[in-house]
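Student: turn this into a structure:
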Amino acid sequence: MSMSREPREILHLIEPAESTKAGGSDLTLPVVLNLDETNSHSEVLDVLSLRPFASGQQPWSRSTRLEHVRPEAPLRPESARTLRSAHEKTKSSVLAEGDGWTLLCNRWKNGTAYLEVCAVTDELAEEILDECVRDATEPPKVDETKVPMGFWHHGAHGPSRSERAISADSWSDIRRNYTAPVAEALDTVMGLDREQVSGRLLLLHGPPGTGKTTALRALARAWSEWCQADCVLDPEALFGAPSYLMEVAVGDEYDDDKNRWRLLILEDCDELIRGEAKQSTGQGLSRLLNLTDGMLGQGRDVLVAITTNEDLTRLHPAVVRPGRCLAQIEVGPLTRPEATAWLDADGVEAEVGPDGATLAELVAMRKGEKRPDTQGAPVTDTGFYL
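Tutor: Sure thing, here's the model as predicted:
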């Protein structure tokens, strides 16, 4: 029988701090560094980089995060002396120093990096950081078929956001995927600009496979000049943790993009917004409503797009009340004539039933797949692709 055991501490350092004066008082703090066998090599570098700052030897710190880092960028001054270097599958870390300063550089293979400089003066810290980032990034490659999408999740170390370029069709190219009333409603939404926004909630509801997510990707592309789209992978955690919600909704007050709107995409939030949500999800619904038109919503220009498979009549009345929603759009299947025309345009011969067909069913027929008999089958989620 195997027995679990506590991590074995392999390094425990205690050292006195330098005595420094601040406001007439001595700030002498002992520095305790704890490492054990569960720490990765890069985490060791993270810990060691704190020592000169915590001890008071280098009491000034500057840091920054970079995206689109050039592969050949050194991210450190030529005069830097490398103290430690660690390479992992997707990340490399370097701890370096110079006269009066220490640098931690964490770099990921996706082109992002985090730099932190401690120094004996604030001016020196700023000077070294400026030298590290000079000419280190390149403009992102423009691909009209892709749009930058942020992805949020709450991990072991708190809220985390990563950005990826995702495929997004233009609205004109996919408009035929929607039945006429839906296409007309989406025409209005796609054509909005920042000055025309009224209501902070965009609600897309309807059966799986009707193209709700495809429409949101097209919307992210249509609004890309004035609005950043972010997909929240764990909406239940977002509205369950105030600190997570503040980070996502308000962000860093020094963010260069703070004047841009932000579109938060929350998929399949049925439990959060259905009629009995107040009892089943605690404060989650209240925080969502506060984000869309309460005090929190005034902190930043934030729009929330929610997809759900629920019927509109089953949703909480506070969610769908007049004035809160930018739009409430029921995305349903194409009618039989529309579905037949859709297939004819692609040169596909297939029989469409009297109730029409969803986008997912049409795509399957175009691929030659037999349309399944879904009568009486349970509703399932289609995920972030249609």
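Student: which residues of the stretch 151-300 of the chain fall in helices?
Tutor: Using DSSP state H, counting those that start in this stretch, the helices of the stretch 151-300 of the chain run over residues 171-174, 180-190, 212-222, 235-238, 242-249, 270-273, 277-280, 284-293.
Student: got any ranges where the protein has weak pLDDT?
Tutor: 1-33, 35, 142-143, 251-258, 270-284, 293-300, 312-318, 320-323, 370-386 (pLDDT under 70).
Student: most centrally placed residue in it?
Tutor: The centre of the chain sits closest to Phe151, judged by CA atoms, centre = their mean, with a distance of 2.4 Å.
Student: can you give the domain ranges for this structure?
Tutor: Using automatic domain parsing, the domain parsing of the chain gives 11-133, 146-330.
Student: looking at those, which is buried most?
Tutor: Using mean count of other CB atoms under 10 Å, the stretch among the domains of the chain with the largest mean neighbour count is domain 146-330, at a mean of 17. Where you see a C-beta, it was placed from the backbone N, CA and C, and this is true even at glycine.
Student: mind checking the end-to-end distance for that domain?
Tutor: Taking CA to CA, to the nearest Å, domain 146-330 runs 26 Å from one end to the other.
Student: same check on stretch 71-91?
Tutor: Stretch 71-91 has an end-to-end distance of 13 Å (CA to CA).
Student: tell me who's in contact with Ala113.
Tutor: If you count contacts by CB atoms under 8 Å, 6 or more residues apart in numbering, Ala113 has them with Arg65, Leu66, Val69, Leu75, Cys105, Asn106, Arg107, Ala136.
Student: ok, now Ala345?
Tutor: By CB under 8 Å, 6+ apart, Ala345 lies in contact with Arg176.
Student: Pro140 is nearest to which of the domains of the chain?
Tutor: Taking CB to CB, domain 11-133 is the member of these nearest to Pro140, at 5.2 Å.
Student: Ser49 contacts Glu116, correct?
Tutor: Yes - between Ser49 and Glu116 there is a contact at 6.4 Å, judged by CB atoms under 8 Å.
Student: can you pull the residues that touch both of those two?
Tutor: The contact sets of Ser49 and Glu116 overlap at Leu104 (CB under 8 Å, 6+ apart).
Student: identify the residues contacting Asp193.
Tutor: By CB under 8 Å, 6+ apart, the contact list for Asp193 reads Trp226.
Student: ignore the last one, Leu203
Tutor: Neighbouring residues of Leu203 by CB under 8 Å, 6+ apart: Ala305, Ile306, Thr308, Leu315, Val319, Val320, Cys325, Ala327, Gln328, Ile329.
Student: what's the spacing between the second one and Pro208?
Tutor: So that's Ile306. Going from Ile306 to Pro208 by CB to CB, to the nearest Å gives 15 Å.
Student: now swap in the fifth one and tell me
Tutor: Counting by CB to CB, the separation of Val319 from Pro208 is 20 Å.
Student: same deal with the third one?
Tutor: The span separating Thr308 from Pro208 equals 10 Å under the rule CB to CB.
Student: could you measure from Asn34 over to Glu116?
Tutor: With distances taken as CB to CB, Asn34 is found 20 Å from Glu116.
Student: Ala185 too?
Tutor: On the measure of CB to CB, Ala185 and Glu116 end up 48 Å apart.
Student: same question for Ile174.
Tutor: Ile174 sits 44 Å away from Glu116 when distances are taken as CB to CB.
Student: can I get the contacts of Leu203 in TSV with secondary structure?
Tutor: As requested, these are exported to TSV (DSSP: H, G, I helix; E, B strand; the rest coil):
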residue	secondary structure
Ala305	strand
Ile306	strand
Thr308	strand
Leu315	strand
Val319	helix
Val320	helix
Cys325	strand
Ala327	strand
Gln328	strand
Ile329	strand
